[in-house]
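Student: Here is the input, now give the coordinates:
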Amino acid sequence: MPLMPGVEEELNSFIRNEKNTRSKLKEIPDEFFKRVDSEMRRLKEEIRGAIQKDDVKYIAQLTQKIRSIENGIKELKSIRCRKIALQALEDAIDGSNSGLDAYTNHERVLYDNLRRLFKSYINEEEPQTQIKEEKKEEAEEIRRIPVRVIIPMEVADVDGNYVMRKEDVLYLSEQLARLLQSKGVCEIIKIQ
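Tutor: Numbers count the residues shown, from 1 in each chain. So this is what the prediction gives:
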């Protein structure tokens with residue numbers, strides 16, 4: 001199944017646009033990050049299906065797509081965070097407020113918090129931070145079993161990516177461990 005239309009291409013376009021501007025952020029629609037999250041969930045579901053079908057080659061392709069999107073998002077956010085931090089610092093120093101039209105909702109909160117912290121630092125005041133507790137999603141219970149790697153490779157499991165080196169001992173989901181054992185990639189370690 002192909003990627004949702006344009007997620008990777010759109011991500012690469014946003015990265016290029018941010019790299020081509022010095023300090024001002026380029027606008028990114030809030031729904032873009034929702035589409036990325038949706039695509040990541042879809043790819044991880046496909047991995048679950050590929051595990052059940054014993055399709056190691058497709059698992060590797062999906063893993064590569066996931067890694068590409070994750071790395072692209074990290075790069076984009078890294079570029080944008082630097083710009084936001086610099087703008088917040090400049091505004092704290094000169095007492096101004098920049099227009100935040102190109103900022104996402106999360107970026108506005110980041111800018112406001114950084115500006116306030118920079119301002120309190122510059123004025124040698126005690127910082128007033130707001131700590132919000134985020135609700136953690138309850139992860140579905142996944143049975144993990146230990147394996148010894150025989151053939152090095154990179155795989156994606158239901159909750160993350162693994163670089164498996166020869167003789168490594170890892171805990172993988174039982175389904176993936178059994179699939180990889182049947183392909184001769186690893187050996188399940190019996191615990192007594």
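Student: can you pull out the helices in the protein?
Tutor: Under the criterion DSSP state H, the chain contains helices at 7-19, 30-52, 56-94, 105-122, 174-182.
Student: tell me the angle the helix or strand bottoming out on mean pLDDT in the chain makes with helix 30-52.
Tutor: Across the helices and strands of the chain, mean pLDDT, DSSP states H and E gives its lowest value to strand 160-164, namely a mean of 82. Angle between the axes of strand 160-164 and helix 30-52 is 50 degrees (criterion: axes from the mean of the first three to the mean of the last three CA atoms, to 10 degrees).
Student: pLDDT weak spots in this protein?
Tutor: 1-5, 127-141, 192 (pLDDT under 70).
Student: Isn't Arg108 up against Asp101?
Tutor: No: Arg108 lies out of contact with Asp101 (CB atoms under 8 Å); the separation is 10.0 Å. Just so you know, the C-beta spots here come from the backbone N, C-alpha and C atoms, and that holds for glycine as well.
Student: Of those two, which one has the most company?
Tutor: Taking other CB atoms under 10 Å, Arg108 and Asp101 do not tie; Arg108 has more neighbours (13 against 9).
Student: so who does the spatially most central residue of the chain touch?
Tutor: For the chain, the residue sitting closest to the mean C-alpha position, by CA atoms, centre = their mean, is Glu70 at 4.5 Å. Glu70 makes contacts with Met40, as judged by CB atoms under 8 Å, 6 or more residues apart in numbering.
Student: Okay, it and Gly49: tell me how far apart.
Tutor: Counting by CB to CB, to the nearest Å, the gap from Glu70 to Gly49 is 20 Å.
Student: cool, and Glu9?
Tutor: 25 Å.
Student: ok, the two, which is more surrounded?
Tutor: Ranked by neighbour count (other CB under 10 Å), Glu9 and Gly49 place Gly49 first, with 13 against 10.
Student: one step back: rebuild the helices of the chain as TSV, extending it with distance to Arg148.
Tutor: What follows is the helices of the chain, written out as TSV (distance: least, CB to CB, whole Å):
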stretch	distance to Arg148
helix 7-19	35
helix 30-52	19
helix 56-94	18
helix 105-122	42
helix 174-182	10
